[in-house]
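Visitor: Here is my input, please return the structure:
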Amino acid sequence: MSIRKVTLIDYGMGNLGSLRRSLEECEAEVTTLEDPRELKTAPKIILPGVGAFGDGMKNLRERGWLEAIDSAVRDYKVPMLGICLGMQMMASKGFEGEECSGLNLIPGEVKRLLPRATERIPHVGWNEMQQAVAHPLFEKIPNHSDFYFVHSYHFIPENSAHVLAKTPYCGEFVSCVGHENVLGVQFHPEKSSKAGFQLLRNFLALC
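Guide: Numbers count the residues shown, from 1 in each chain. Predicted coordinates for the structure are as follows:
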């Protein structure tokens, strides 16, 4: 595979070390960006995230990322992948603690999972991703492959056409979303072994 370039957004709440190592194992040339002004020239963007929705949006706002992300994605059509909290913040709003506006890149809301009798949250561990549609992000990944999750909230898109995959836990939740050049996964591909690395390779290969 030829070397693919990708930019990680550093807003103070991402697991950048493990994600960077995983991308480098996928033969990517990785840049970690702290200056939002340089984002529009990025070939591809990954927005990682670990923590609460409101805290993540506060960090993005205070560090000047909101307009930079919006312009890169909408004006320059840079492909973007959100991971875990990064995917959730692509929604219109979240309700973790209190209502908070999101990036509104894919219309929808982020709400707490509702566990059934035998289920617990946070949802931690391996679970399957059921592909709802065929998509280049799933190339060479068998349907129902397992990925690694750590979360208590989930993305509810307004438009069912933005649902790329679901996972059967707490009834069922959306585990992958997509709209044009914006993609998001609730699980951690960098911790998801062979299938996760293939998903990262697929994102790196997107034009």
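Visitor: What are the contacting residues of the top helix by length along the chain?
Guide: Longest helix in the chain, counting residues (DSSP state H): helix 193-205. Residues outside helix 193-205 that contact it (C-beta atoms under 8 Å, 6 or more residues apart in numbering): 1, 4, 6, 22-23, 25-26, 28, 44, 46, 79, 81, 136-142, 145-148, 183, 185, 187-190, 192. In this view, the C-beta of every residue, glycine as well, is placed from N, C-alpha and C.
Visitor: Selection in ChimeraX covering whichever of the residues you listed are buried, please.
Guide: A single ChimeraX command selects the buried members of the contacts of helix 193-205 (16 or more other C-beta atoms under 10 Å):
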select :4,6,22,23,26,28,44,46,79,81,137,138,141,145,146,147,148,183,185,187,188,189,190,192
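Visitor: Which ones among the contacts of helix 193-205 map onto strands?
Guide: Applying DSSP state E to the contacts of helix 193-205, the entries found in strands are 4, 6, 28, 46, 81, 146-148, 183, 185.
Visitor: Could you identify the most distant pair in these?
Guide: Greatest spatial distance in these: Arg4 and Asp146, 25.1 Å, computed using C-beta to C-beta.
Visitor: And Ala195, how far from Pro122?
Guide: 21 Å (C-beta to C-beta, to the nearest Å).
Visitor: higher neighbour count, the two?
Guide: Ala195 (19 against 12; other C-beta atoms under 10 Å).
Visitor: those helices in the protein, which residues are they?
Guide: Taking DSSP H, the helices of the chain run over residues 16-25, 53-62, 65-74, 85-88, 193-205.
Visitor: so of those, which one's packed in deepest?
Guide: With neighbours defined as mean count of other C-beta atoms under 10 Å, those peak in mean count at helix 85-88, which reaches a mean of 28.
Visitor: Run through the neighbouring helices and strands of that one.
Guide: helix 53-62, strand 153-157, strand 182-185 (3 or more C-beta pairs under 8 Å, 6 or more residues apart in numbering; DSSP states H and E).
Visitor: With distance to Trp126 and mean pLDDT added, can I get these in CSV?
Guide: As requested, those are exported to CSV (distance: least, C-beta to C-beta, whole Å; pLDDT from 0 to 100):
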stretch, distance to Trp126, mean pLDDT
helix 53-62, 24, 97
strand 153-157, 17, 98
strand 182-185, 14, 98
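Visitor: Using CSV, please lay out these together with distance to Pro36.
Guide: Output for the helices and strands packed on helix 85-88, formatted as CSV (distance: least, C-beta to C-beta, whole Å):
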stretch, distance to Pro36
helix 53-62, 9
strand 153-157, 24
strand 182-185, 17
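Visitor: out of the ones you listed, nearest to Pro107?
Guide: strand 153-157 (6.9 Å).
Visitor: Quick one: residues in contact with the closest one.
Guide: 53, 87-88, 90-91, 94-96, 106-113, 163, 170, 173-174, 177, 184, 186.
Visitor: With that, I have no additional questions.
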